[in-house]
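**Q** Pasting the sequence and the predicted model now:
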Amino acid sequence: MNNNKIVVGSNEWCSFPQINIPAIKARVDSGAKTSALHAVNIVPFKKEGIPWVSFEVHPLQDDGKTTVHCEAQVHDKRKVKSSSGNSEVRFVIKTVLSIADDTWEVELTLTNRDSMGYRMLLGRQAMSGKMLVDPESACLLGEPTDDLLKQHYHNNLVKPTGLKIGLLASNPNLYSNRRIIEAGQERGHEMEFLNIKDCYIKLDGKNPEMHYRGGRILSDFDAIIPRIRPSATFYGTALTRHFEAMGVYTLNNASSITRSRDKLYALQLLINNGLPIPTTGFANSPLDTDELIKMVGGAPLIVKLLEGTQGKGVVLAETTKAAESLINAFKSLKANILVQEFVKEANGKDLRCFVVNGRVVESIMRTAAPGEFRANIHMGGTASLVKITPEEKKVALLAAKTLNLKVAGVDIIRGQNGPLLLEVNSSPGLEGIEGVSSKDIAGKMIEVIEKDLKYKRVEEVDNA
Ligand SMILES: Nc1ncnc2c1ncn2[C@@H]1O[C@H](COP(=O)(O)OP(=O)(O)OP(=O)(O)O)[C@@H](O)[C@H]1O
Ligand SMILES: [Mg+2]
Ligand SMILES: [Mg+2]
């Protein structure tokens, strides 16, 4: 029965000769009905009165420089529901798929984002009658060598003509970092990953220098995007400050990052600007523990490490006795903690408002896993898109403004009498939010740099 069916693994290389894509790795997903191609700059136009669409494809994973310009007749426009439950209208084209030694026509929807990093998804409609999937294996039909890929695409390399932007971070493989690099490259910028641990500095009043492991001097950057993980706060902010001393633009400046990292300091600044927070206390000595507990209204209450993240340093004490021993235990370890009223009405949910340049570009609601009060994704929470109230929007924007952050993830819980601010993150993750949103949030971050540096893309200048 399966005699002439091609057996494929969970991903396979294929090609689309009619739109000049000689090699692209497809994620084989029989759970999806339609096939999708990751395309950018999708622009509809008319050819002899017939609707066509032009678009660009970056056929190689984690490579935003290799670009193929494609054009195809529009076969359909269709509402497609993504795995996260959102729907968007996508263009559908028909084109010939070539895989193994066989070719046949398939339908492809064009989507401008794919959170998995795959450039295309092969759905069951295109496979039907032609393929069998062995999900345990991959690339059963072989893989092109790097040399062959180079040969295929040597004419498709876009020379960056844009800005030179450094991403100052620790892990190049992190979703957020990969997306920022990709978003910059898609806009024609030269993107470079700068590992915090490989940078070192020359303090010189007149001529400060930033060096990179191996002796290279980093002198020609237009902008730096600091994405500093909590454990690298001290050194990462020192490097960011040094770039600033060299006159380099930084998206989120060093002092703002430093302030937002200290939860106590940040809360002090936020309440000074009239922002609502849960009742919170801070004390140095265990002698004050009883008073501290009373101050926030007694148990149940929350104890937070000042420099926790991903929900790891946040604990719920259900009884006064538990609260006492917990607080005293932390104190004996010399840990700095906040004691906070437990906002039960929040019901294990919080809002993450992603603020970029004075705008809430997207908001998600995170819902804690059953039996858990912390809504963090890292704690098993799930995310969904949410429409925030005007009051919540006001709180999110004022919070980012107070801390002077161009990019901020503002965490809010819904209390009985309105929104309560929990914290403001200066390197908010993109994976959770882009996973449910259809917006190119990394791209919006790049656009801020373009705007602040008054950069105009070449084609925009030409048209002017
Ligand atoms: N006072 C509170 N009342 C009820 N729930 C709370 C309270 N404080 C925190 N939470 C829950 O715990 C989660 C983690 O708290 P918080 O955001 O302060 O810590 P974090 O470890 O810094 O997290 P992040 O990874 O977002 O930086 C919140 O998102 C919220 O769901
Ligand atoms: Mg935090
Ligand atoms: Mg948080």
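**A** Now that the structure is in, tell me what you want to look at. Ligands and ions are numbered 1, 2, ... in the order given.

**Q** tell me what the host helix or strand of residue 408 is packed against?
**A** Using DSSP states H and E, residue 408 falls within strand 407-415. Here strand 407-415 touches strand 349-356, helix 390-402, strand 418-425, going by 3 or more Cβ pairs under 8 Å, 6 or more residues apart in numbering; DSSP states H and E. All C-beta atoms are positioned from the backbone trio N, CA, C, and that covers glycine.

**Q** who touches the last one?
**A** The set of residues that contact strand 418-425 without belonging to it, under Cβ atoms under 8 Å, 6 or more residues apart in numbering, is 260, 263, 266-267, 270, 275-278, 309, 343, 346, 350-351, 389, 391-392, 395, 399-400, 403, 405, 408-414.

**Q** ditto for the longest one
**A** With contacts defined as Cβ under 8 Å, 6+ apart, helix 390-402 is touched by 269-270, 272-276, 351, 353, 355, 358-360, 363, 388, 406, 408, 410, 412, 418-419, 421, 424.

**Q** From the contacts of strand 418-425, list the buried ones, please.
**A** Buried by 16 or more other Cβ atoms under 10 Å: 260, 263, 266-267, 270, 275, 277-278, 309, 343, 346, 350-351, 392, 395, 399-400, 403, 405, 408-414, out of those.

**Q** And the helices and strands packed on strand 407-415: which comes nearest residue 336?
**A** Closest of the helices and strands packed on strand 407-415 to residue 336 is strand 418-425, at 14.7 Å (criterion: Cβ to Cβ).

**Q** Distance from the closest one to the middle of the chain?
**A** Its chain's average C-alpha position is 20 Å from that of strand 418-425, according to Cα atoms, centre = their mean, to the nearest Å.

**Q** And the following helix or strand past it, what's buried?
**A** Scanning forward in sequence from strand 418-425 by DSSP H and E, the next helix or strand is helix 431-436. Residues of helix 431-436 classed as buried by neighbour count (16+ other Cβ under 10 Å): 432, 433, 434, 435, 436.

**Q** Run through the neighbouring helices and strands of helix 431-436.
**A** Going by 3+ Cβ pairs under 8 Å, 6+ apart, helix 431-436 lies up against helix 175-186, strand 349-356, strand 359-367, strand 382-385, helix 441-452.

**Q** what about the helices in the stretch 51-200 of the chain?
**A** 124-127, 146-153, 175-186 (DSSP state H, counting those that start in this stretch).

**Q** just the CA coordinates of the last one, formatted as CSV?
**A** This file holds the C-alpha atoms of helix 175-186, laid out as CSV (Å, rounded to 0.1, in the frame of the first residue of the first chain):
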residue,chain,number,x,y,z
TYR,A,175,15.0,32.4,21.4
SER,A,176,14.9,36.1,22.2
ASN,A,177,18.5,36.6,21.0
ARG,A,178,18.0,34.7,17.8
ARG,A,179,14.9,36.7,17.0
ILE,A,180,16.6,40.1,17.7
ILE,A,181,19.5,39.2,15.4
GLU,A,182,17.1,38.0,12.7
ALA,A,183,14.8,41.0,13.0
GLY,A,184,17.8,43.3,12.5
GLN,A,185,19.1,41.4,9.6
GLU,A,186,15.7,41.4,7.9
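
**Q** tilt between that helix and helix 441-452?
**A** Using axes from the mean of the first three to the mean of the last three Cα atoms, to 10 degrees, the direction of helix 175-186 lies 50 degrees away from that of helix 441-452.

**Q** tell me what helix 175-186 is packed against?
**A** The helices and strands touching helix 175-186, judged by 3+ Cβ pairs under 8 Å, 6+ apart, are strand 164-169, strand 190-195, helix 431-436, helix 441-452.

**Q** among the ones you listed, which is nearest residue 46?
**A** helix 441-452 (27.1 Å).

**Q** Can you mark which positions in the longest strand along the chain are buried?
**A** Longest strand of the chain, by residue count under DSSP state E: strand 87-99. For strand 87-99, burial by neighbour count (16+ other Cβ under 10 Å) applies to 90, 91, 92, 93, 95, 97, 99.

**Q** ok, now stretch 127-140?
**A** Neighbour-count burial for stretch 127-140 [16+ other Cβ under 10 Å]: 127, 130, 131, 133, 140.

**Q** Who are the contact partners of the second one?
**A** Taking Cβ under 8 Å, 6+ apart as the definition of contact, the neighbours of residue 130 are 5, 6, 102, 104.

**Q** For residue 77, state which of the residues you listed is nearest.
**A** Distances from residue 77 to these, taken by Cβ to Cβ, are shortest for residue 104, at 23.0 Å.

**Q** Surely that closest one touches residue 96?
**A** Yes - contact criterion Cβ atoms under 8 Å: residue 104 and residue 96 qualify, at 7.0 Å.

**Q** starting at the chain centroid, how far to stretch 63-74?
**A** Counting by Cα atoms, centre = their mean, stretch 63-74 comes out at 23 Å from the chain centroid.

**Q** should've said stretch 275-288
**A** 33 Å.

**Q** Let me see the contact set for the residue lying closest to residue 90 once chain neighbours are set aside.
**A** With sequence-adjacent residues excluded and distances taken as Cβ to Cβ, 6 or more residues apart in numbering, residue 90 is closest to residue 109, at 4.2 Å. Contacts here follow Cβ under 8 Å, 6+ apart; on that basis residue 109 touches 34, 35, 36, 37, 78, 80, 90, 91, 92.

**Q** Now do residue 109, the pLDDT please.
**A** If you check residue 109, the pLDDT there is 93.

**Q** so how far is ligand 1 from it?
**A** The span separating residue 109 from ligand 1 equals 34 Å under the rule Cβ to the nearest ligand atom, to the nearest Å.

**Q** What's opposite that residue in the beta bridge?
**A** Taking DSSP bridges as the rule, residue 109 bridges to residue 36, residue 92.

**Q** re the thing from before, could you say which one of the helices and strands packed on helix 175-186 comes nearest to ligand 2?
**A** For the helices and strands packed on helix 175-186, proximity to ligand 2 was assessed by Cβ to the ion; helix 431-436 is nearest, at 13.2 Å.

**Q** How about the closest one and ligand 1, any contact?
**A** No - residues of helix 431-436 contacting ligand 1 under Cβ under 6 Å from any ligand atom: none, with a closest distance of 9.9 Å.

**Q** Show the average pLDDT along that helix.
**A** 92.

**Q** go on, stretch 73-82?
**A** For stretch 73-82, the per-residue pLDDT averages 86.

**Q** Convert the C-alpha atoms of that stretch to PDB, please.
**A** What follows is stretch 73-82, C-alpha atoms only, in PDB (Å, rounded to 0.1, in the frame of the first residue of the first chain):
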ATOM      1  CA  GLN A  73      -0.100  34.500  -8.100                       C
ATOM      2  CA  VAL A  74      -2.500  34.800  -5.200                       C
ATOM      3  CA  HIS A  75      -4.500  31.600  -5.100                       C
ATOM      4  CA  ASP A  76      -6.600  32.500  -2.000                       C
ATOM      5  CA  LYS A  77      -6.700  34.600   1.100                       C
ATOM      6  CA  ARG A  78      -7.500  32.600   4.200                       C
ATOM      7  CA  LYS A  79      -8.000  32.900   7.900                       C
ATOM      8  CA  VAL A  80      -5.500  30.600   9.600                       C
ATOM      9  CA  LYS A  81      -5.600  29.600  13.200                       C
ATOM     10  CA  SER A  82      -2.100  29.100  14.700                       C
END
